[in-house]
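# predicted structure and sequence below. I'll ask about it afterward.
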Amino acid sequence: MENICDHKNCNKSGKYKAPIEKDNSQKFRWLCLDHIKEFNKSWDYFKGMSNLEVCYFLKSDMTWHRPTQSFSSPDNFFRILWSSTLNKNSDTFNNGAFQMKILKNVNFSEKDRKAFRVIETEVGAKWEKIQCQFKKLVKKYHPDMNSGNKKFEEKLKIITLAYTQLKLTYKGK
Ligand SMILES: [Zn+2]
């Protein structure tokens with residue numbers, strides 16, 4: 001029996017295995033050549049993140065609010081996160097599910113420092129400020145805000161990963 005590509009609205013034959021999570025859970029889905037290429041490309045964005053971070057990233061609080069959305073593709077995750085960030089009525093940032101730690105006298109890692117630079121805030125900025133800054137940057141670089149031009153999408157992904165990095169740090173992992 002032939003597998004059909006698991007990508008949304010794709011009916012090509014799925015001959016390539018794509019891991020659902022970057023752990024050892026053996027879970028995977030089948031994709032066609034075009035979609036496995038796209039998948040591999042976006043998967044590279046997780047380079048340098050630990051398995052825990054990737055898992056957390058894919059299962060962040062975003063998913064709790066939109067249980068019907070599929071997050072199995074990192075690329076899909078980015079798009080949903082961005083459109084949710086742009087949505088005024090979004091509750092992305094208003095969840096009370098966790099309290100951000102107040103970070104005093106913390107030795108930030110080199111990764112954190114880099115993330116602060118990417119987000120364009122001073123090291124150790126208040127979490128609220130980081131959120132505001134992230135929102136501002138998503139607005140600035142989102143394709144929808146640039147007449148559909150995707151030239152800033154790579155930059156936006158890097159910004160998103162920096163934001164995620166800081167979120168993990170502030171949450172205390
Ligand atoms: Zn496909």
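That came through, no problem.
# what's the pLDDT at the closest residue to residue 145 other than its chain neighbours?
Leaving aside its sequence neighbours, residue 145 sits nearest to residue 139 (CB to CB, 6 or more residues apart in numbering; 5.8 Å). In short, each C-beta sits where N, CA and C put it, glycine included. pLDDT, residue 139: 87.
# any buried residues in the host helix or strand of residue 139, and which?
According to DSSP states H and E, residue 139 maps onto helix 127-141. For helix 127-141, burial by neighbour count (16 or more other CB atoms under 10 Å) applies to 127, 130, 131, 133, 134, 135, 137, 138, 141.
# who are the packing partners of that helix?
helix 74-86, helix 110-119, helix 153-171 (3 or more CB pairs under 8 Å, 6 or more residues apart in numbering; DSSP states H and E).
# what does it rub up against?
For helix 127-141, the surrounding residues in contact (CB atoms under 8 Å, 6 or more residues apart in numbering) are 82, 85-86, 93, 100, 119-121, 125, 145, 152-153, 155-156, 159-160, 163, 166, 170.
# in PyMOL, select just the buried ones from the residues you listed.
Written as a PyMOL command, the selection of buried residues from the contacts of helix 127-141, which uses 16+ other CB under 10 Å, is:
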select buried, resi 82+85+100+119+121+125+152+153+156+159+160+163+166+170
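# please report how far the nearest residue to residue 152 once chain neighbours are set aside lies from the ion.
Leaving aside its chain neighbours, residue 152 sits nearest to residue 141 (3.8 Å; criterion: CB to CB, 6+ apart). Per CB to the ion, to the nearest Å, residue 141 is found 27 Å from the ion.
# and what of residue 148?
To the ion, residue 148 is 22 Å away according to CB to the ion.
# for residue 114, same thing?
In terms of CB to the ion, residue 114 sits 35 Å off from the ion.
# quick check: closest non-adjacent residue to that residue.
Using CB to CB, 6+ apart, the closest residue to residue 114 is residue 162 (7.2 Å).
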